[in-house]
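got a sequence here, can you build the structure:
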Amino acid sequence: MSFAMAFSKKEDESGLSSYYNNKTTIIQEARVFNESPISPRKCRALLTRIVYLLYVGETFNTQEATTLFFGTTKLFQHKDSALRQAVYLAIKELATTAEDVIMVTSSIMKDMQPNSEVIYRPNSIRALCRIIDPSMAQGVERFFKAAIVDRNPSISSASLVSAYHLFPHAKDVVKRWVNEAQEAVNAKSAGYFGGQVSSGSSFFGGGSSQSAAQTVPSSSNITQYHALGLLYLIRQQDRMAVTKMIQQLGGGKSGSGTTLKNAMALCMLIRYAAKVMEEDPNVQRQMAELLEGWLRHKSDMVNFEAARVLCEMKNVTNAQLIKSIAVLQLFLSSPKPVLKFAATRTLASLALSHPTSVAVCNIDLETLITDSNRSVATYAITTLLKTGNEASVDRLIKQISGFMSEISDEFKVIIVDAIRSLCLKFPAKHASMLTFLSGVLRDEGGYDFKRAVVEAMFDMIKFIGECKEQALSHLCEFIEDCEFTKLSVRILHLLGIEGPKASHPAKYIRFIYNRVVLENAPVRAAAVSSLAKFGVNTVDPTLNKSIGVLLNRCLDDVDDEVRDRAAMYLKVFKKQALVEPYIKEDSVLSLAALEAKLVSYVKDPSASTQAFDVSTIPKISRAQAALESARPSTLDTIGVPAKAAAVAAPPPPSAAETQSAYAEQIAAVPAFASYGAVLNSSAKPAQLTESETEYQVTCVKHIFKEHVVFQFNVSNTLPDTVLEQVTMAMQTEDVGLTQDFVLPIPSLSAVSSPGIVYVSFTRDEPEDYAIGSFQCTLQFVSKELDPSTGEPEAEGYEDEYQIEEVELSAGGDYIIPSYAAFGAEWDRLKGAPSVTETFGLGSSVESLKAACESIIEVLNMEPLGGTEVPTSSSVHTLQLSGLVTGGGGKVLVRCRMTYSQGVGVTLELGVRAEKQDVCQLVVNAVGG
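Numbers count the residues shown, from 1 in each chain. As a prediction, the model looks like this:
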């Protein structure tokens, strides 16, 4: 070994390694495949280098790969066992790039025969899977079926894994192997690795090819793991079949009756059980009983997997957690670091929802704080922070401080986030926690770590008034030597908001102006804005004058953004009327909505004749804007390992993103090209059928200046039926709309679902807001599919399907939510059109909260100032703001409500808008 290491080192130093593993060199040396006689040793060495290059990311173009591939296949004639295995490994990797690989199928099939040497068969099966065309899968079905149930586990496993890879391309063929896969799962442990091997032959060494039997008993039962994976892949769309499979293989309540001997197979079965429980809560009790049985399995792996799934179960009770926590508690004292890490990680996650249940492990967790594995110690301390009491806070923080310098930034973030949630749980201990945070803020660390500390301080400033000024001072010291521009800008913004409210605001000015002198342009611009906020919000005239002097100095800055900001704020100081919109304004334009409207404006040729109207863009509060751009973790998910499902699931699209997607979809339909830009689309599709029905329909409404288009998304769930000429018949009383045309779906099958039916109406009076209900009937020609050909039959029958009514209403179709400062906006519209009406909502509305929810749902407007949550049970005022599409302008609603037993809710509805018909629209929506 020392000689090999010395040789390798010498080779690296001389640069021979890069030459030896060079792609060009290898292609040139491929002539050894054509030598006569063939040298097995040289060929094996070259094949190893080819596979190594592919492994490290090197790519061969199609011509190179094809040359190497067919050069390699010439070695099939040689009888050397180790060479044959290397050949299979190489052709399996090259098959994805090379051309005409299907030509070697017959050579591979020879090695798949039952009478061939056993050592070749697994390799040939794996290679064949990569080479054959999906259409040929039926031709090799007999070989695969026989190999799956072979008594040799290496052959059986190779065929099962190959079937797994073939499944996406030849589903119907592989599904027929379900009985063989079931047999492989239930097979008794009598496997062996053996057969005819080359005596005296090593992978790189020479040797004769005399055959000798070699039998090695297999105790791993790995075939069960592979067979279970294939079984689930075949049955995954049939939940009942999967549930039955889990119950059959589970072995009853105790778990002792299971035929599965492989620990990985049992872990896989447990994960399938978890998935079934998540999809169907009705089987949760049966699955939980099986999981509790597996807690007593002899394998630690199975014990942990069962305990973890029980802890992550939906709506799990403290009683159901007792057994799984007991298992995890045993792991905490295990000598194996991996078990301790897994247990502490699971307990840290569970402590968020069930801290009292996890508290029984606190003594064991405290012993792990000093564990040599700092990952284990970190999770132990974060769990204790969630389950401990107020008295233990100081002691825990002292222990944390001792090893913060020894752990990675990733774990530092977990600890800081745990402290962040703890300071809100025990605000009386803010002093020690703030001292800890300010200390770690001065330590070395990356951006994510520093941001976590700054976020924690921001939360303390927001929620714990007593520590505000001290925390601001620590942040001021941090920006004096902060290398992260984003953090400096955020801290300066916070100083501009909170600094003027402090007892001595002047003490922060020095820190802010230092940034103007010493930092880069983005930070200087943020510092100018922060100074301006001090100038506007402070009552000290001396301080105002000083800030004016500082801003004047900024007029000579080299960066135009800094100069422009300084000039604007100096102008604002001179005109008090400009302060409200430019500095104190609490709302901003919705950037996603602005982008969507701008894209629509640019694409519409007719729109260029008039200026872009910013007043049609809805506004959102700064708090909402911050939420949109906030980091994904919240106080409820701090320090918790992210679940795979949560990571995989994309965030739901915002309302503006949905509007933009609909606008693109509509623009692609030539019939609507002359309609102009879409003024508004439904925020979410209206469900018009039950989710279990054979035909599923949702509706989206698109409002244009002179038209209304109904988009019906239709799904056919019947696999053996195709629907043709699918249309929608819509009937209504006179609502000011005239139907133009219907765009049907020519053909709709279960595979092509969903399809879209468009129904277009013209607005008789474009200035009016057409409102009403439409009775809808789905009409189509139903045809059966021929099972042998998959084609629809020539003859079908006309049929129709009644669905729920579609509503065209004020809220959601004509009014969209838009944020505003209610008091100032209400006063601004004092002389504008207004209506006041009184309504009795009746005793059916049980509370003021129910009334608020109902009004917000009907009008689809933005509730302001937290008024959506009544603070009194008898009297309340709800404030709403919205924007009316099509140039209707701003609309504000003030709902004064009283509630008394027996009478119910009495509502005084006050509406102010820029147009009279908008006021009437709102009143009719509530009164109707």
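
mind checking the SS state of Lys226?
Actually, residue 226 is His rather than Lys. With DSSP: H, G, I helix; E, B strand; the rest coil as the basis, His226 sits in helix.

burial count for it?
Neighbours of His226 under the rule other CB atoms under 10 Å: 27. (Each C-beta comes from the backbone N, C-alpha and C, glycine too.)

got it, and Gln610?
8.

how much space separates it from Ala377?
Between Gln610 and Ala377 the computed distance is 66 Å (CB to CB, to the nearest Å).

so in the chain, where's the weakest helix or strand by average pLDDT?
Every helix and strand of the chain was ranked by mean pLDDT, DSSP states H and E. The lowest is helix 644-648, at a mean of 38.

Ala90 contacts Gly71, correct?
No. Assessed by CB atoms under 8 Å, Ala90 is found out of contact with Gly71, at 9.7 Å.

now do the shared contacts for those two.
By CB atoms under 8 Å, 6 or more residues apart in numbering, Ala90 and Gly71 have no common neighbours.

the two: which is more packed in?
Between Ala90 and Gly71, Ala90 has the larger neighbour count (other CB under 10 Å), namely 25 against 18.

which pLDDT value belongs to the nearest residue to the more buried one once chain neighbours are set aside?
Leaving aside its sequence neighbours, Ala90 sits nearest to Leu47 (CB to CB, 6 or more residues apart in numbering; 4.7 Å). Leu47 is assigned 86 on the pLDDT scale.

Met457 now?
Met457 carries a pLDDT value of 90.

how close does it get to Ala526?
Taking CB to CB, one finds Met457 at 17 Å from Ala526.

make sure Tyr769 is indeed in a strand.
No. With three-state DSSP as the criterion, Tyr769 is located in coil rather than a strand.

from Asn680, how far off is it?
11 Å.

need the overlap of contacts for those two.
Common neighbours of Tyr769 and Asn680 (criterion: CB under 8 Å, 6+ apart): Tyr814.

which one of those two has more residues nearby?
Between Tyr769 and Asn680, Tyr769 has the larger neighbour count (other CB under 10 Å), namely 24 against 21.

okay but the more buried one is in contact with Leu921, surely?
Yes. Assessed by CB under 8 Å, Tyr769 is found in contact with Leu921 at 5.1 Å.

so what's in contact with the two at the same time?
Both Tyr769 and Leu921 are contacted by 810, 814, under the criterion CB under 8 Å, 6+ apart.

pretty sure Asp448 contacts Asp409?
Yes. Using CB under 8 Å, Asp448 makes contact with Asp409 at a distance of 6.2 Å.

in the stretch 501-650 of the chain, which spans are strands?
Secondary structure of the stretch 501-650 of the chain by DSSP state E, counting those that start in this stretch: the strands cover 587-589, 619-621.

nearest spatial neighbour of Gly772, skipping sequence neighbours?
Spatially, and ignoring its direct neighbours in sequence, Gly772 is nearest to Val735 (3.4 Å; CB to CB, 6+ apart).

right, I mislabeled it, should have said Ala147
Ser159 (3.7 Å).

surely that neighbour and Phe144 touch.
Yes. Using CB under 8 Å, Ser159 is in contact with Phe144, at 5.3 Å.

so where is the stretch 401-550 of the chain shaky, pLDDT-wise?
Across the stretch 401-550 of the chain, not a single residue meets the criterion (pLDDT under 70).

at 90 instead, please
Judged by pLDDT under 90, the stretch 401-550 of the chain has its weakly predicted residues at 401-449, 456, 458-470, 479-483, 493-494, 496-520, 532-550.

same check, this time on the stretch 651-800 of the chain
651-708, 711, 713-726, 728-756, 762-800.

can you give me how far the helix or strand encompassing Leu492 is from the chain middle?
Per DSSP states H and E: Leu492 is located in helix 485-498. Relative to its parent chain, helix 485-498 has a centroid offset of 29 Å by CA atoms, centre = their mean, to the nearest Å.

cool, stretch 300-317 as well?
Taking CA atoms, centre = their mean, one finds stretch 300-317 lying 23 Å from the centre of the chain it belongs to.

using CSV, list the CA coordinates for that stretch.
Coordinates of each C-alpha in stretch 300-317 appear next as CSV, following Å, rounded to 0.1, in the frame of the first residue of the first chain:
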residue,chain,number,x,y,z
ASP,A,300,-31.9,0.4,15.1
MET,A,301,-32.6,1.7,11.6
VAL,A,302,-36.2,0.3,11.6
ASN,A,303,-36.8,1.5,15.2
PHE,A,304,-35.8,5.0,14.3
GLU,A,305,-37.7,5.2,11.0
ALA,A,306,-40.9,4.1,12.8
ALA,A,307,-40.4,6.5,15.7
ARG,A,308,-39.7,9.4,13.2
VAL,A,309,-42.9,8.7,11.2
LEU,A,310,-45.0,8.5,14.4
CYS,A,311,-43.6,11.9,15.5
GLU,A,312,-44.4,13.5,12.2
MET,A,313,-47.9,12.1,12.0
LYS,A,314,-50.7,14.7,11.4
ASN,A,315,-52.7,15.5,14.6
VAL,A,316,-50.6,13.2,16.7
THR,A,317,-51.6,13.1,20.4
